[in-house]
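> got a predicted structure here, sequence first:
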Amino acid sequence: MDYLLLPFLSFFVGIVVGLTGIGGASLITPMLIFVFQVPPAIAVSSDIWAATLMKVVGGFKHWRQQTLDIKIVKWLAMGSVPGTLSGVGILHSIRRIETLDFDSTLLKALGFTILLVTAIGLTKLLLLAVFPNVQLPELPKFDLETHSGRALTMGVGAFLGCLVGLTSVSSGSLFALALMTFFQLDAKKLVGTDLSQAGILLSFTSLGHLTLGTVNWSLVGLIWLGSVPGVLVGAQLCQFVPQRTLQTIIYSLLMMVSLKLVY
């Protein structure tokens, strides 16, 4: 294990997460497996714990900067926390069925979904760049001032939280998709809101991974050493990056995540 290289690379991952709200698990887990030869089970559980602190710190930084929507965070978390606990429980039950390759099927389905929505989003950005005056249709926006809007937000949070509990991946990308689709947040508030709810969600998901006995605390500490300063730098940069540029970065990362899940 290279004790200097891991914090160094984690610092740049932290910058990406602080700037976009996504990319933690999709970057750190492959890095641990392919660069540092860490067994996949240990890499996933250690990354969950490392990502938890990284996203909590990043979310707090965005809260201090007022680059998040605290009301959306609250109502999403009210659904996602019980959802992820349910997902972990379902996962333990399903994994007793030895003949079912559940993980592979679900991850590919998630990948195709993210790929489809991301392709639509990138097409929209391209159309607006070429034809700035064109009026494109928008999906209905959830209104958190109404009971139905809150219920729908909690429902989306519960569904996505359950998927995260089942797969332990894509906490950032799944919720970023929901925030773009149902709340139409500007890019800066989208990043802070996504990071904050992911920090809350992963705090509970990580507890489930303690029961698996696959967390390597030496790895977690080294990742924290680089990723926590990195996420603070990325959150600071988020205030100054132009909206269109930030949206393009987010969609590009989502495309990478979706392809990783599919293949």
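Received it, and whenever you're ready, just let me know what you need. Everything quoted here is computed from the prediction, not taken from an experiment.

> for stretch 186-201, buried residues please.
Along stretch 186-201, these residues count as buried under the neighbour rule (16 or more other Cβ atoms under 10 Å): 187-201. For the C-beta atoms, the positions are set from N, CA and C on the backbone; glycine is no exception.

> and that stretch, how far from the chain's centre?
Distance of stretch 186-201 from its chain centroid, counting by Cα atoms, centre = their mean, to the nearest Å, is 9 Å.

> ok, the nearest residue to Leu19 once chain neighbours are set aside to Trp75 distance?
Excluding the flanking residues, the one nearest Leu19 by Cβ to Cβ, 6 or more residues apart in numbering is Gly234, at 3.9 Å. Distance, Gly234 to Trp75, by Cβ to Cβ, to the nearest Å: 26 Å.

> these two: which is more packed in?
The neighbour count for Gly234 versus Trp75, taken as other Cβ atoms under 10 Å, is higher for Gly234 (28 against 22).

> tell me the helices and strands packed up against the helix or strand containing the more buried one.
If you go by DSSP states H and E, Gly234 is part of helix 217-238. Using 3 or more Cβ pairs under 8 Å, 6 or more residues apart in numbering; DSSP states H and E as the contact test, the elements touching helix 217-238 are helix 5-20, helix 24-30, helix 40-65, helix 187-210.

> now do the closest residue to Lys108 other than its chain neighbours: how many residues are near it, please.
Excluding the flanking residues, the one nearest Lys108 by Cβ to Cβ, 6+ apart is Val262, at 5.6 Å. Using other Cβ under 10 Å, Val262 has 14 other residues around it.

> does Val262 touch Met255 like I think?
No. Val262 is not in contact with Met255 according to Cβ atoms under 8 Å; the separation is 10.7 Å.

> overlap of the contact sets of the two?
Shared contacts of Val262 and Met255 (Cβ atoms under 8 Å, 6 or more residues apart in numbering): Leu115.

> thinking again about what came up before, closest to Thr245 among the buried residues of stretch 186-201?
Ala187 (8.6 Å; Cβ to Cβ).

> residue contacts, the closest one?
Neighbouring residues of Ala187 by Cβ under 8 Å, 6+ apart: Gln243, Leu246, Gln247, Ile250.

> low-confidence ranges in the stretch 101-250 of the chain?
Filtered on pLDDT under 70, the stretch 101-250 of the chain yields the residue ranges 101-107, 109-111, 113-114, 117, 128-129, 131-139, 167-172, 209, 211-212.

> how about a cut-off of 90?
Residues of the stretch 101-250 of the chain meeting the criterion pLDDT under 90: 101-143, 145, 159-192, 194-216, 234-250.

> excluding chain neighbours, what is closest to Gly83?
In space, and not counting its chain neighbours, Gly83 is closest to Gly161: 2.8 Å by Cβ to Cβ, 6+ apart.

> number of residues surrounding the closest residue to Phe8 other than its chain neighbours?
Computed as Cβ to Cβ, 6+ apart, the closest residue to Phe8 that is not its neighbour in sequence is Gly226, at 6.1 Å. Gly226 has 23 neighbours, counted by other Cβ under 10 Å.

> next, the contact list for Gly226, please.
Gly226 neighbours (Cβ under 8 Å, 6+ apart): Leu6, Pro7, Phe8, Leu9, Ser10, Phe11, Phe12, Val13, Gly14.

> so how far is Leu4 from the residue lying closest to the fifth one once chain neighbours are set aside?
The one in question is Ser10. In this structure, Ser10 finds its nearest non-sequential neighbour in Gly226, 3.3 Å apart by Cβ to Cβ, 6+ apart. Distance, Gly226 to Leu4, by Cβ to Cβ: 10 Å.

> alright, calling it a day.
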